[in-house]
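**Q** Generate coordinates for the sequence data below:
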Amino acid sequence: MSQDSLLGQWRSLAGDPVETRDRTDTPDLVFAHVSDLHGQLLPRYQIYYDNSTSGPAFDFGDDDRVVERGGGIPLLAAKLTDLRDEHDICTLMSGDTFHGSAETTYTDGRAMLDPINEHIEPDVYVPGNWDYSNEAVEDGNFVALMDDLDAPILANNLYDWETNERLYDAYTVEDVGGLAVGVVGMTNPYVDRMAPAFHDEKYRFGKHPALLEESAQAAREDGADVVVAVTEIGLPWMVQAAKDCTCVDVMFSAHTHEYTYDPIVVEETETVVVESGMGEALGRVDLRVQDGEIQFRHHLYCLTEDGEHTPDPDPAATKTVESIREPFFESDPIFERGAGSLDRPLDTVVGETKQPLYRQAFLESAWNTLFNDALRVHFDADLAVSHGFRYGTAIPRGEITLEQLYTFFPMTTPVARGVAYGQQLTNQMEEFLVDNFSPYPYDQEDGRVRSYSSNVEVTLDPTAKRGRRLVGMRIDGDPIDPEETYSVATFRQSGAPERDLGNCGFPFQDVEIDDGTIPVDVIVDFLDEHSPVDYEVMGLVETADDGGDAQNTPADGPYPFIQPGVDYDSGESYCETSMIPRGNVFPDEGRNHHR
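**A** Okay, here's the model as predicted:
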C-alpha cells in the first residue's frame with residue numbers, strides 16, 4: 001500500500017479542503033518528524049487514549065485506553081526507508097534524544113549517536129531541554145554530542161554565556177523537491193529556569209517568540225519558498241507562536257509529548273502546527289504549491305508492533321542497537337555515574353504490578369504516586385514530593401524489569417529528605433498552578449502538576465484568581481498547617497542550591513542526602529517489599545465542585561491535550577484564553593470571589 005493513502009484530502013494552510021488537479025496527487029516535498037526519543041533504542045510500551053475529537057486508530061473495546069508496544073530505532077529507520085523510497089524526504093528531528101534510559105544514563109548520552117547518525121539520518125537537529133542534562137555533571141558534554149551528530153544543528157536562541165554569540169545557525173535554506181525550504185530551529189528557552197545545572201553559566205537562552213519570526217523572515221529573504229519551524233518548547237507555546245508569527249508555514253512542535261493525530265490549523269495566520277509524540281511515533285507533513293498556494297496533508301504514524309502500517313524492523317539498525325545494548329545485559333555489568341551504579345543486567349525482574357503503570361497524565365498518575373510512596377517509605381517521612389514528570393513509557397500488567405525503571409527515572413542523582421513548613425509546600429504548589437493554568441502561553445513551561453505520595457490530597461480550581469488556585473491540601477486527611485513542619489522525602493538535583501531539594505525552589509531544614517542511593521534503588525526496594533503493587537489513579541488531585549474542570553488525560557476531554565488558560569477580567573468575569581477553542585462553558589459572571 002502506498003504511504004500516501006493514509007493522508008486524506010489536501011487542504012490549504014487555512015484548513016480549507018482543496019481540489020486535486022494533479023492526477024498523480026504527488027507532493028512537492030515531504031517532511032518526516034522525529035521527536036522526544038528519550039533514549040529509546042528498541043520498542044517500549046506506551047499508553048494510548050481513546051478520544052472523541054482526535055485519537056489513534058486502535059480498537060479500544062470497552063476501555064478508554066490501551067497499552068501497546070512499539071517504536072525504537074529499527075522501526076523508525078524502516079519507516080523512514082519506506083518513505084524515502086517513495087519521496088524526497090526532509091527528516092526533521094526535535095531533541096530530548098540523549099537522555100531517558102539506562103544506556104544513555106551510563107554513557108553520557110553517547111549510546112544514541114550511532115543509531116541516529118547511521119539509521120535515522122536527520123537533515124536537521126534541534127536540541128531539547130534534556131539534551132543539556134549531561135551538563136549537570138562536572139564534565140558536561142552537550143557541545144561534544146552536537147559536534148558528533150552528522151546533521152546541521154539549528155538553535156536561533158542558544159548563546160555562549162561569556163561572548164553572547166550564537167552557538168549554532170538560526171536557520172538553513174535547502175533545496176527539497178524543487179522548492180527552496182527554509183528550516184528555522186529553536187531550542188527550549190526555559191532550560192535555565194527548569195534546571196539551572198543544565199547550563200551552569202555556559203549558555204544563555206533567548207526566550208522571546210520574536211526570535212522565531214525574525215529567523216523566518218531572514219529565511220524568506222534568503223529565497224525560501226516555504227518556511228517551517230522545528231522546536232522543542234511545547235505545544236501551548238507553539239500554538240500561540242503560530243498566531244503571532246506570520247512568516248512560518250508549518251511548525252513542528254515537541255517537548256510536551258502530544259500526539260496531534262489531527263493537525264492544528266491557525267486560520268488567522270494560515271499556519272499548521274503538529275507534534276509527533278514520543279519515540280514510537282513519526283509525524284509526516286506533505287506540502288505542495290498549486291496555483292501559487294501552499295497546500296498540506298498530514299499523518300501521524302504510531303509504529304506499534306504488528307500495526308497495520310508498521311514495517312518490519314530494519315536489520316542493520318537492529319544490529320547496531322543490539323551491539324550497544326549487549327554490555328548492559330551481561331551477567332555482571334559494571335557501570336557507574338554520579339551516585340548510581342548498575343551491577344545487574346537490565347532484564348532483571350525486580351517486581352510485579354497488578355495494573356498498568358504510566359504517567360502520561362496531567363494531574364495525577366499511578367506511576368508518580370508509586371514513586372513518591374517508595375521515597376516516603378525509604379525515609380519514613382511525613383510525605384514525599386517529586387516533579388510531576390510526564391515523559392516516560394508504560395509498564396503493562398505483570399513483571400517489572402530494571403530496564404523499565406530506568407525509563408521512568410533515568411537520573412543518578414541521590415535521594416534526599418528535608419524538613420519544610422506547610423506554608424512552603426502550599427506556596428510552591430501555588431506557583432506550579434500559576435505556571436500550568438496561566439492564560440499566557442509564553443509563561444508556561446511545565447505541563448504537569450506536582451506529584452505527592454498517596455497520603456496527600458489536593459483540591460484546586462484552575463478558574464480561580466492567580467495565587468488562589470490551591471483550594472485545599474491535606475496530609476493523612478488533615479488540612480496542611482502552614483506553621484507546622486513536615487519531613488519531606490524527595491531527591492537531590494545536581495547543581496541546585498544545597499538546601500533546595502526536588503526542584504521545590506525553597507530551602508529545606510535538616511537536609512539529609514543518601515549519597516549511595518538513587519531513585520531506581522528506592523523503587524527496587526519498595527517493589528521487593530510490596531509486589532505485586534496495585535496502583536491506579538485514585539483522585540488524589542481533584543478540582544473544586546464550584547470551580548473549573550481540568551482534564552487528567554486525553555480520555556477525559558477534547559484533544560489536543562492543552563489545558564485552557566483562564567483568568568479574570570477586572571476580577572469579576574471569566575475570560576477564556578485557551579490556545580484552541582474547546583467549547584469550555586464559563587459563567588457570565590465570576591464565581592468564587594473569595595479565591
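
**Q** For residue 41, the count of nearby residues, please.
**A** 25 (other Cβ atoms under 10 Å). No exception for glycine: its C-beta is placed from N, CA and C like everyone else's.

**Q** ok, the closest residue to it other than its chain neighbours to residue 118 distance?
**A** Spatial nearest neighbour of residue 41, chain neighbours left out: residue 321 (4.7 Å); criterion: Cβ to Cβ, 6 or more residues apart in numbering. Taking Cβ to Cβ, to the nearest Å as the measure, residue 321 falls 10 Å from residue 118.

**Q** Point out where the chain drops to low pLDDT.
**A** Along the chain, segments meeting pLDDT under 70 span 1-4, 21-24, 136-139, 388, 390-391, 439, 446-447, 560-595.

**Q** how about the helices in it?
**A** Taking DSSP state H as the criterion, the chain carries its helices at 73-86, 102-105, 113-115, 142-147, 191-194, 210-221, 235-244, 315-325, 366-379, 402-408, 422-437, 519-530.

**Q** so which of these gets nearest residue 349?
**A** Across these, residue 349 has its closest neighbour in helix 402-408 (8.1 Å, Cβ to Cβ).

**Q** Tell me which other helices or strands the closest one touches.
**A** helix 102-105, helix 519-530 (3 or more Cβ pairs under 8 Å, 6 or more residues apart in numbering; DSSP states H and E).

**Q** Single out the most deeply packed of those.
**A** Of all those, helix 102-105 carries the top mean neighbour count, a mean of 25, counting by mean count of other Cβ atoms under 10 Å.

**Q** which residues touch that one?
**A** Applying Cβ atoms under 8 Å, 6 or more residues apart in numbering, the contact partners of helix 102-105 are 39, 41, 98-99, 111-112, 324-325, 328, 335, 337, 340, 342, 346, 402-403, 406, 410-412.

**Q** which residues does residue 101 contact?
**A** The contact partners of residue 101, taken as Cβ under 8 Å, 6+ apart, are 38-41, 111, 403, 406-407, 410.

**Q** and if you look at residue 355?
**A** Contacts of residue 355 (Cβ under 8 Å, 6+ apart): 366, 397, 534-536.

**Q** One more: residue 504?
**A** 385, 420, 424, 428, 490.

**Q** Recalculate using a threshold of 6 Å.
**A** Neighbouring residues of residue 504 by Cβ atoms under 6 Å, 6 or more residues apart in numbering: residue 428.

**Q** where's it relative to residue 65, distance?
**A** Where residue 65 is concerned, residue 504 sits at a distance of 31 Å (Cβ to Cβ).

**Q** hang on, the earlier thing: just the buried subset of the contacts of residue 101, please.
**A** Neighbour-count burial (16 or more other Cβ atoms under 10 Å) is assigned, among these, to 38-41, 111, 403, 406-407, 410.

**Q** got these as a markdown table, with distance to residue 178 columns?
**A** Output for the buried ones among the contacts of residue 101, formatted as a markdown table (distance: Cβ to Cβ, whole Å):
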| residue | distance to residue 178 |
| --- | --- |
| 38 | 35 |
| 39 | 37 |
| 40 | 34 |
| 41 | 36 |
| 111 | 38 |
| 403 | 45 |
| 406 | 45 |
| 407 | 42 |
| 410 | 43 |
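
**Q** ok, of those, which one's closest to residue 127?
**A** residue 38 (13.6 Å).

**Q** you'd agree the closest one is up against residue 100?
**A** Yes - with contacts defined as Cβ atoms under 6 Å, residue 38 counts as touching residue 100 at a distance of 2.8 Å.

**Q** before we move on, back to that, residue 47: which of the helices of the chain is closest?
**A** So among those, helix 366-379 is nearest, using Cβ to Cβ, at 10.2 Å.

**Q** Pull the number of nearby residues for residue 145.
**A** Around residue 145 there are 21 other residues, counting by other Cβ under 10 Å.

**Q** quick one on the thing from earlier: just put the helices and strands packed on helix 402-408 in TSV and tack on distance to residue 292.
**A** Shown next, in TSV, are those (distance: least, Cβ to Cβ, whole Å):
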stretch	distance to residue 292
helix 102-105	46
helix 519-530	56
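
**Q** Just among the contacts of residue 355, which is most surrounded?
**A** When neighbours are counted by other Cβ under 10 Å, residue 366 leads the contacts of residue 355 with 22 neighbours.

**Q** Ramachandran angles for the nearest residue to that residue once chain neighbours are set aside?
**A** Nearest residue to residue 366 in three dimensions, chain neighbours excluded: residue 535, at 4.1 Å (Cβ to Cβ, 6+ apart). Main-chain dihedrals, residue 535, degrees, to the nearest 10: phi -120, psi 140.
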